[in-house]
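1. with the input below, show me the fold.
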Amino acid sequence: MPEFGRVDVQSIHSEVSRSTLSESDIEQLADAILANGGLLQPLILKQTSVESFLVLEGHFEFYSAVRAREKNPRQGEMVNAFVLSSSEEATALEQIKLLRKQIDTSPPVIPPATVPDSSGLAPWITSFEMRLSEIRELIFQNQQVIDLRLKKLEEESIKPLPPLEKLTVAQLKKLAQERGLTGSGTMKKKDWVDLLSQP
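-> A predicted model of the protein is given here:
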């Protein structure tokens with residue numbers, strides 16, 4: 001099942017060129033993202049490495065989030081997203097394709113001939129306000145979960161490793177084993193450091 005969370009905008013890339021999208025529309029959505037405190041429609045991403053993601057759906061939203069980050073780096077730093085594994089990609093793309101087809105072929109929700117007069121708008125407005133309230137509550141709950149996770153991560157902050165040159169040969173050997181690297185028994189400290197420094 002896709003994982004929902006907040007992803008750093010800088011770790012995301014798109015194979016769709018920004019030049020194919022309207023800059024004025026990107027600018028408008030970027031302003032709306034900042035005004036709403038985030039992107040309401042999550043991106044659909046595929047994780048390509050530990051800290052790298054590819055946009056599968058939501059290229060316009062992604063570039064708007066990038067622009068929001070350019071305008072306000074702190075507020076626009078993270079974006080809501082569903083992250084898919086490689087095994088989920090094919091079925092997710094099929095679902096996206098079907099949803100796009102439905103949106104493209106669907107008639108307008110309220111055809112012009114059936115627009116209610118002002119006296120008939122009250123139920124529509126009430127329904128809309130209720131749905132908006134539900135969405136706000138969901139966003140609030142998700143934000144609380146995210147804040148708790150961030151707090152936990154801050155409390156469990158990882159201490160940085162000392163430079164390789166400061167480790168003993170025994171520590172360097174152990175670190176190499178943990179990384180799946182092998183060396184010979186005749187290797188000196190400099191050789192172990194060079195082995196571990198390779199990308």
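2. what is the lowest-mean-pLDDT helix or strand in the chain packed up against?
-> Least confident helix or strand, the chain: helix 86-105 with a mean of 72, by mean pLDDT, DSSP states H and E. Here helix 86-105 is seen to pack against strand 43-49, strand 52-57 when contacts are counted using 3 or more CB pairs under 8 Å, 6 or more residues apart in numbering; DSSP states H and E. Yep, even glycine has a C-beta here, placed from its N, CA and C like the rest.
3. so how far is the helix or strand hosting Lys190 off the chain centroid?
-> Assigned by DSSP states H and E, Lys190 falls within helix 189-197. Centroid separation for helix 189-197 versus its chain: 36 Å, with CA atoms, centre = their mean, to the nearest Å.
4. report the buried residues of the helix ranked longest in the chain.
-> Counting residues, the longest helix found in the chain (DSSP state H) is helix 122-155. Neighbour-count burial for helix 122-155, counted by 16 or more other CB atoms under 10 Å, picks out Asn142.
5. helices and strands around it, which ones?
-> Counting by 3+ CB pairs under 8 Å, 6+ apart, the elements that helix 122-155 packs against turn out to be strand 3-8.
6. what mean pLDDT does the strand it packs on have?
-> Average pLDDT, strand 3-8: 84.
7. which other helices and strands contact it?
-> The helices and strands touching strand 3-8, judged by 3+ CB pairs under 8 Å, 6+ apart, are strand 78-84, helix 122-155.
8. what pairs with it, parallel or antiparallel?
-> Strands adjacent to strand 3-8 in the sheet, as given by DSSP bridges, are strand 78-84 (antiparallel).
9. okay, the angle between the strand it pairs with and helix 122-155?
-> Following axes from the mean of the first three to the mean of the last three CA atoms, to 10 degrees, one obtains 90 degrees for the angle between strand 78-84 and helix 122-155.
10. now the angle from strand 78-84 to strand 43-49?
-> The directions of strand 78-84 and strand 43-49 differ by 70 degrees, with the same axes, to 10 degrees as the criterion.
11. list of residues touching strand 78-84?
-> Contact with strand 78-84 is made by 2-9, 12, 38-47, 53, 56, 62, 65, 92, 142, as judged by CB atoms under 8 Å, 6 or more residues apart in numbering.
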